[in-house]
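Engineer: Any chance you can model this:
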Amino acid sequence: MRLLEAEIEIAREGCQEANYLFDILAVGRVLHSRERCRILVPASLPLAPVRPNRPGILLGSLLPGFLLGAGLAFIREGVESRLAGRRA
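Structural biologist: Numbers count the residues shown, from 1 in each chain. Have a look, this model is predicted:
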């Protein structure tokens, strides 16, 4: 619980720093509200451990890799055939 409270305090400090920077940059003149940043709902600890979505990660890496490789192969084949036609 102390860790959560420490994270909330860090977020509040970041919010105060952001408000200070807004004032320095004169953005506060454009914005009408005095409070520009606030924590609406404090963070809570997850009920269960978070696990990576391995099938999603695998599909998300293999599919673009395959498409990129196939695209480069088609481009290379097209360039090589054009160069071979010019030499003949």
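Engineer: what about the strands in this protein?
Structural biologist: In the chain, no segments count as strands under DSSP state E.
Engineer: Can you identify the helix in it that spans the most residues?
Structural biologist: Taking DSSP state H as the criterion, the chain has its longest helix at helix 54-87.
Engineer: average pLDDT for it?
Structural biologist: Averaging pLDDT along helix 54-87 yields 87.
Engineer: Work out the gap between that helix and the centre of the chain.
Structural biologist: For helix 54-87, the separation from the chain centroid amounts to 26 Å (computed by Cα atoms, centre = their mean, to the nearest Å).
Engineer: Just the CA atoms of stretch 59-69, as PDB, please.
Structural biologist: The C-alpha trace of stretch 59-69 is given here as PDB (Å, rounded to 0.1, in the frame of the first residue of the first chain):
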ATOM      1  CA  LEU A  59       1.500 -13.100 -34.700                       C
ATOM      2  CA  GLY A  60       2.300  -9.400 -34.400                       C
ATOM      3  CA  SER A  61       5.900  -9.900 -35.200                       C
ATOM      4  CA  LEU A  62       5.800 -12.800 -37.800                       C
ATOM      5  CA  LEU A  63       3.100 -11.400 -40.000                       C
ATOM      6  CA  PRO A  64       4.700  -7.900 -40.600                       C
ATOM      7  CA  GLY A  65       8.100  -9.600 -41.000                       C
ATOM      8  CA  PHE A  66       6.700 -12.000 -43.600                       C
ATOM      9  CA  LEU A  67       4.900  -9.200 -45.500                       C
ATOM     10  CA  LEU A  68       8.000  -7.000 -45.400                       C
ATOM     11  CA  GLY A  69      10.200  -9.900 -46.600                       C
END
